Structure formats: structure tokens, C-alpha cells
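**Student:** Attaching a predicted model along with its sequence, questions to come.
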Amino acid sequence: MKEVGRYFIFLSNLLVNRESFKTHYKLVIDECVLIGLDSIFLFVLVSSFMGAVSTVQTAFNLVAPYIPRYVISQVVREMTVLELAPTVMAIIYAGKVGSSMAGNLGTMRITEQIDALEVMGINSVNYLVLPKITASVLMFPMLVIVSGVCALLGGYVVGLLTGILSPTEYIYGIRYAFNPFTITFALIKSIAFGFLVSSISSFKGYYTTGGALEVGISSTKAVTTSVIAILLADYLLAQLLLSPA
């Protein structure tokens, strides 16, 4: 509980003694490049293979002759939009981006760069952490959209190459009984996950004590805690937004 309270106090300091909009704008753009552009190749690669594997495995399990083949792409669509793109990629995001945030801030802490900012009268939480959280909340939903598109394209390509189902059947299954709210739900989850990963990782890195060994420990704790938070938030959001009235 002490750690949770410390985390919320940390968040409350984000908007105290704020820097100018111009300063934050430049910092946010830099963070967006680090978070978004440097992660897009990994997201495209992983999500494409996830979509391909999901198509093959779904086809393997749907062996009954009375089940139409377009159901394969319908199942892949639901898996991708509801879980694979937002949740599974959030765990990968925590491992790549979250550990990097914690490591950078931890290094700044042990080399006394954060202390130097505080001596100059700068709110280091606002200056260092807020741009990371803002960029994460902006970029992760975009990465989720890219991930979803690539997963569906990966399934399409595998279905076409292996003959599991025709392009017409795949597209029909993607469009069949589509509920637009699933897209909204996925984006809500991606915003929540982007905030959780960036804030928790920054918190762990910001309060690093010791030396280089402790920086690595902080990065590991940041990823572990972020993954737990993602799974808990995933359940809570599903319960709140998808459970029947």
C-alpha cells in the first residue's frame, strides 16, 4: 500500500510547477519518435505472425463440415481486435518501451541528473515524465491500429497461400456480424495500457537508488508491474464495458 500511495503522489506531481507548452511540445515529439517509430517494425512483425498463426490454428480446430469457412476469419477478427492487438502487444510494449523508460530515468537518477534539475528549480517529474506519458498515450493506440491491420493482413496472406479459405471468404468473414464497438473498446484499452506502462515504468525508474545493478532491477520491476497492471486493467475494462447489463 505504501508503494501505491507513493505512485499516486508521483502522479500528482506531474502537473505541479509546469514547464511551458513549447518546451513540452518538443519533448513530446522526441518521445513519440522513440516510442512510436522505433517500435513499429517490431509491432508489424509480431502482429503479422500472430494473425497468420491464429488463422492456421482456427482452421485446424474448425473441422466440422457444417461450419462455414468464413467463420475462420470472423474468429481471427474478434481475437485480434479484442485481445491480440491491444493486450498482447501491450505486454510486448511494456517489455520494450517500459524497460527503456525505467532504465533511462534510473540512469539519470544514479548519475544525479535529476537532482541537478531539482536544484535549478525545475519540477523533474513534470519535465521528464509527463512527455513520456503523453507520448505513450498518443502513440500506443496508433501502434495498436497498425498491429490489428497487420494481423488481419497476415491472416489473409496465409489463407491465400495455404488455401485454407479464399480471399472472398476471408473478407466476408471479416465483415460478417461486425460490431463497431469492439474497435472503440480496443482503443479505450490501448489508451489505458499506454498510460499504465509509461507511468509505472517512469515511477520505477525515477525512484531508483544505488548503482548500475539497481537500474537493471528497476527495469525488471517496471516490466513485471506493468504486465500485472495490464492484465488487471484488461479484466476490469472488459467487465465494465462488455458485460451484459
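**Tutor:** Sure, I can see it. Note that the structure is a prediction, hence the values are computed from the model and not measured.
**Student:** so who does residue 78 touch?
**Tutor:** residue 182 (Cβ atoms under 8 Å, 6 or more residues apart in numbering). Using the backbone N, CA and C atoms, a C-beta is placed for each residue, glycine as well.
**Student:** For this protein, which residues score under the pLDDT cut-off?
**Tutor:** 63, 244-245 (pLDDT under 70).
**Student:** Show me where the chain has its helices.
**Tutor:** Assigned by DSSP state H, the helices in the chain fall at 2-12, 21-32, 40-61, 70-79, 89-93, 99-110, 113-119, 124, 130-162, 167-175, 181-206, 212-241.
**Student:** other SSEs contacting the last one?
**Tutor:** Using 3 or more Cβ pairs under 8 Å, 6 or more residues apart in numbering; DSSP states H and E, the elements in contact with helix 212-241 are helix 89-93, helix 99-110, helix 181-206.
**Student:** residues of the second one that come out buried?
**Tutor:** When you say that, I think you mean helix 99-110. 99-110 (16 or more other Cβ atoms under 10 Å).
**Student:** same question, the last one
**Tutor:** When neighbours are counted by 16+ other Cβ under 10 Å, the buried residues of helix 181-206 are found to be 185-206.
**Student:** now the most centrally placed residue in the chain, nearest residue through space, not along the chain?
**Tutor:** Centroid-nearest residue in the chain: residue 90, 3.1 Å away (criterion: Cα atoms, centre = their mean). Once flanking residues are discounted, residue 90 sits nearest to residue 193: 4.0 Å by Cβ to Cβ, 6 or more residues apart in numbering.
**Student:** quick one: contacts for that neighbour?
**Tutor:** 86-87, 90, 93, 140, 230, 233-234.
**Student:** what's stretch 31-39 in contact with?
**Tutor:** Contacts for stretch 31-39 (Cβ under 8 Å, 6+ apart): 93, 96-97, 100, 131-132, 134-136, 138-140, 142-143.
**Student:** Oops, could you answer that again for stretch 154-172 instead?
**Tutor:** Outside stretch 154-172, the residues touching it (Cβ under 8 Å, 6+ apart) are 47-52, 54-56, 59, 68-70, 72-73, 76, 80, 173.
**Student:** Mind giving me the PyMOL command for buried ones among those?
**Tutor:** Buried residues within the contacts of stretch 154-172, by 16+ other Cβ under 10 Å, are selected in PyMOL with:
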select buried, resi 47+48+50+51+52+54+55+56+59+69+70+72+73+76+80+173
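**Student:** picking that back up, give me the distance between the residue nearest to the centre of the chain and residue 147.
**Tutor:** Relative to residue 147, residue 90 is positioned 10 Å away (Cβ to Cβ, to the nearest Å).
**Student:** Repeat that for residue 168.
**Tutor:** For residue 168, the distance to residue 147 - Cβ to Cβ - is 25 Å.
**Student:** okay, those two: which has more neighbours?
**Tutor:** Set residue 168 next to residue 147 and count neighbours by other Cβ atoms under 10 Å: residue 147 wins out with 31 against 9.
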